[in-house]
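Engineer: next input, structure requested:
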Amino acid sequence: MKKKLSFSLLTLIAGFMLAIQFNLVNQPVVSDTRDMWELKNDLLKEQQAQVELIDGISKLEGKIASYETERNESKEELLRKTLTELKTEAGLTEIKGKGVIVSIQPIKEGILLGERIEYISPVLLIRLLNEMHRYGADDISIAGQRYITTSVIRDINGQPKMDGYPLTDYPVELQVMTDDPKKLKQRIEGSELMDDFFIDNFELQIKAPSRELTLPAYQNDVKVEHMMPFMDGGDS
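Structural biologist: Numbering: from 1, shown residues only. Purely as a prediction, here's the structure:
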């Protein structure tokens with residue numbers, strides 16, 4: 001009895017499984033039932049997406065070109081800025097800033113006694129310039145003429161001249177640009193230069209004005225020697 005019941009149950013399950021398999025095999029394949037209008041509409045959407053993509057790429061390429069232009073312009077601006085800085089350092093531009101004014105003039109006692117007024121010694125004047133640079137001077141003008149690294153102070157036909165300009169009218173005024181005018185003034189006043197000028201019958205008067213100093217640009221041609229142009233890309 002139990003064997004018959006088990007056999008019937010297995011037969012029922014097997015039949016059920018065969019029925020399901022038959023149903024799956026004979027189920028029709030679902031085909032694309034969209035009509036022509038829907039297909040055209042979908043194609044139109046794809047084409048629109050492609051146009052938007054191309055437009056986006058074009059905008060990005062425009063931005064890249066703009067960035068390249070800005071970068072090239074920034075290079076040119078950097079070159080102009082560098083050139084201006086080099087001209088300023090070389091003394092070829094007018095500059096303003098704080099500093100001291102040094103006046104060189106014959107001592108009054110000598111004038112009252114009728115002594116002959118000698119010209120300033122170029123050697124003593126050069127020593128003064130060197131000492132001021134050592135004490136923190138940055139830029140200097142002498143008698144309204146800019147003093148630069150290539151300037152020459154020497155005796156020409158018995159007269160002291162700087163780059164050809166005579167230094168014979170008194171007082172000879174030096175405008176000295178520095179970050180610390182007070183310190184520079186104290187250093188000069190406490191140096192032996194005061195005595196050295198006095199021995200030559202000259203006195204130094206130093207003041208630190210509250211107003212800004214204006215130093216003119218160097219007016220002469222700058223002579224550059226022992227230099228050759230650099231050719232980029234040439235043989236090394």
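Engineer: so which residues of the protein form strands?
Structural biologist: For the chain, strands defined by DSSP state E occupy the ranges 95-97, 99-106, 137-142, 145-147, 153-156, 159-162, 165-166, 172-178, 202-207, 213-215.
Engineer: got TSV for these, with mean neighbour count, mean pLDDT and distance to residue 72 too?
Structural biologist: C-beta: built from backbone N, CA, C; applies to glycine. Shown next, in TSV, are the strands of the chain (neighbours: other Cβ atoms under 10 Å; pLDDT from 0 to 100; distance: least, Cβ to Cβ, whole Å):
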stretch	mean neighbour count	mean pLDDT	distance to residue 72
strand 95-97	14	95	30
strand 99-106	20	95	40
strand 137-142	21	96	34
strand 145-147	22	96	35
strand 153-156	14	94	45
strand 159-162	18	94	43
strand 165-166	14	94	44
strand 172-178	22	96	36
strand 202-207	17	93	50
strand 213-215	18	95	35
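Engineer: residue 49 is nearest to which of the ones you listed?
Structural biologist: The minimum distance between residue 49 and the strands of the chain falls on strand 95-97, with 62.2 Å, by Cβ to Cβ.
Engineer: show me how far that closest one is from its chain's centre.
Structural biologist: Here the centre of strand 95-97 is set off from its chain's centre by 19 Å, with Cα atoms, centre = their mean, to the nearest Å.
Engineer: returning to what we had before: out of the strands of the chain, the one nearest residue 121 is which?
Structural biologist: Closest among those, using Cβ to Cβ: strand 159-162, at 7.3 Å.
Engineer: partner strands of the closest one and their direction?
Structural biologist: Counting by DSSP bridges, the strands paired with strand 159-162 are strand 153-156 (antiparallel), strand 165-166 (antiparallel).
Engineer: got these as a markdown table, with distance to residue 195 columns?
Structural biologist: Shown next, in a markdown table, are the strands paired with strand 159-162 (distance: least, Cβ to Cβ, whole Å):
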| stretch | distance to residue 195 |
| --- | --- |
| strand 153-156 | 21 |
| strand 165-166 | 26 |
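Engineer: and those strands: which comes nearest residue 125?
Structural biologist: strand 153-156 (5.8 Å).
Engineer: which residues touch that closest one?
Structural biologist: Residues from elsewhere that reach strand 153-156 (Cβ atoms under 8 Å, 6 or more residues apart in numbering): 122, 125-126, 129, 160-162, 164, 167.
Engineer: from the residues you listed, pick the one nearest residue 98.
Structural biologist: residue 129 (18.9 Å).
Engineer: report how many residues lie close to the closest one.
Structural biologist: For residue 129, the count of nearby residues is 18 (other Cβ atoms under 10 Å).
Engineer: what does residue 47 give?
Structural biologist: Look at residue 47: counted by other Cβ under 10 Å, it has 10 neighbours.
Engineer: pLDDT at it, what is it?
Structural biologist: Residue 47 is assigned 75 on the pLDDT scale.
Engineer: what's the spacing between it and residue 57?
Structural biologist: 16 Å (Cβ to Cβ, to the nearest Å).
Engineer: what does residue 122 give?
Structural biologist: Distance of residue 122 to residue 57, given as Cβ to Cβ: 72 Å.
Engineer: what about these two, which has more around it?
Structural biologist: The neighbour count for residue 122 versus residue 57, taken as other Cβ under 10 Å, is higher for residue 122 (18 against 10).
Engineer: what's near enough to touch that one?
Structural biologist: By Cβ under 8 Å, 6+ apart, residue 122 lies in contact with 153-155, 160.
Engineer: out of those, which comes closest to residue 187?
Structural biologist: residue 153 (21.2 Å).
Engineer: run through the bridge partners of that closest one.
Structural biologist: Applying DSSP bridges, one finds that residue 153 bridges with residue 162.
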